[in-house]
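In: generate a structure from the sequence data that follows.
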Amino acid sequence: MTGRVWQSYDSVAVAYDRTWHPSFEPIARDLVDLVAVAPGEAVLDVGTGTGVVAAAAVERVEQGLVVGVDPSAPMLRLARVRAAIPLAGARVPGLPFPARRFDVAVANLVISHVERYDTALADMVRVLRPGGRLGVTAWGSLDEEPVDDGQQRQLTGIWTSTADRFVDIDAATDEIEAGIPCEAWFGDPAHLRAALEGSGLRRVELRSCTYRRRISQHDALAGYETSFRGRYLRQTLADADWEAFRREVAAAAAAALPDPITRVDQLLVGVGTKRYETRP
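Out: Prediction:
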């Protein structure tokens, strides 16, 4: 949730929702299950995006409350269609709520985007009631056994090697990784556990989840375009070069891979409980 225009999801909200929603639905259900959202509770979805996790939480709270926050107004407009809940344009840290307001806070693939994960986690813990639960996800796995993600890796290689003919990939990678400063770091489960425990949570538990989905090459490439790397490339290239890049990568993928391909996502889910003695 940092600063340059290309880092914003505003311009890709519709495409992002179309291509990523099917992948995020099972993740949302698992996150809501693992953080044990219960009827009557108040839940805060931090970085709600288009509301996939919020919608899963709504199914569980019954007469409770679900609130979503996100800095992107176009994403929030799509979230409002998905779930009739209160929404606010806000960032973390800087949540516009008093301390001890929520029973549960969730953040799906959010903490990798913040400049200071410690202050972001502290703000989420602040708005929890004592005994409340925080659940976060990050790309990674507890299991060192390899997964069969060869088609996805091959598509990533095609996308990257094609992009390398249009921009300086090394320079681009440095700038892109500055926008998601903690993504690789949180891939280590020890780092995720330490961050959650350092924020004052107790009974921290980590779970590793793997998701597989058949996806068309068209939708897979559209997903790349909505990523940090895709958005950086789009804002760097002139319109004609961008269209040339899209044609080349689509042709290379069609020649090398089946359609559809199998997408594999590995996520870490971390859940902890706010200490009763913790002060906001």
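In: report the buried residues of the lowest-mean-pLDDT helix or strand in the chain.
Out: Least confident helix or strand, the chain: helix 169-179 with a mean of 78, by mean pLDDT, DSSP states H and E. Residues of helix 169-179 classed as buried by neighbour count (16 or more other C-beta atoms under 10 Å): 169, 172, 176, 179. Heads up, the C-betas are built off the backbone N, CA and C, glycines and all.
In: return the member of those nearest to Pro93.
Out: Using C-beta to C-beta, Gly179 comes nearest to Pro93 of those, at 17.3 Å.
In: now the closest one. Nearest residue, chain neighbours left out?
Out: Leaving aside its sequence neighbours, Gly179 sits nearest to Gln7 (C-beta to C-beta, 6 or more residues apart in numbering; 4.7 Å).
In: over to Leu134?
Out: Per C-beta to C-beta, 6+ apart, closest to Leu134 is Ala105, 5.0 Å.
In: what packs against the strand or helix carrying the one you found?
Out: Assigned by DSSP states H and E, Ala105 belongs to strand 102-108. With contacts defined as 3 or more C-beta pairs under 8 Å, 6 or more residues apart in numbering; DSSP states H and E, strand 102-108 has these neighbours: helix 13-34, strand 42-46, helix 52-61, helix 117-126, strand 128-139.
In: mind listing what Asp118 touches?
Out: Neighbouring residues of Asp118 by C-beta atoms under 8 Å, 6 or more residues apart in numbering: 195, 198-199.
In: now a ChimeraX select for only the buried ones of those residues.
Out: To isolate the buried ones among these in ChimeraX, judged by 16+ other C-beta under 10 Å, type:
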select :195,199
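In: how far away is the residue most central in space within the chain from Trp159?
Out: Nearest to the mean C-alpha position of the chain, by C-alpha atoms, centre = their mean, lies Leu109 at 2.7 Å. To Trp159, Leu109 is 20 Å away according to C-beta to C-beta, to the nearest Å.
In: how about Val81?
Out: Val81 is 30 Å from Trp159, by C-beta to C-beta.
In: those two: which is more packed in?
Out: Taking neighbours as other C-beta atoms under 10 Å, Val81 and Trp159 compare with Trp159 leading, 22 against 10.
In: helix, strand or coil: sort out that one for me.
Out: helix (DSSP: H, G, I helix; E, B strand; the rest coil).
In: Val249 is in contact with that one, correct?
Out: Yes - Trp159 lies in contact with Val249 (C-beta atoms under 8 Å); the separation is 5.5 Å.
In: now list whatever residues contact both of the two.
Out: Contact criterion C-beta under 8 Å, 6+ apart; residues shared by Trp159 and Val249: Leu221.
In: returning to that earlier point: residue contacts, the residue nearest to the centre of the chain?
Out: Neighbouring residues of Leu109 by C-beta under 8 Å, 6+ apart: 47, 137-139, 267.
In: if we use 10 Å, what do you get?
Out: Counting by C-beta atoms under 10 Å, 6 or more residues apart in numbering, Leu109 touches 20, 24, 27, 47, 49, 53, 136-139, 180, 183, 186, 267.
In: span of stretch 120-135 from start to end?
Out: Stretch 120-135 has an end-to-end distance of 13 Å (criterion: C-alpha to C-alpha, to the nearest Å).
In: no further queries at this time; thank you.
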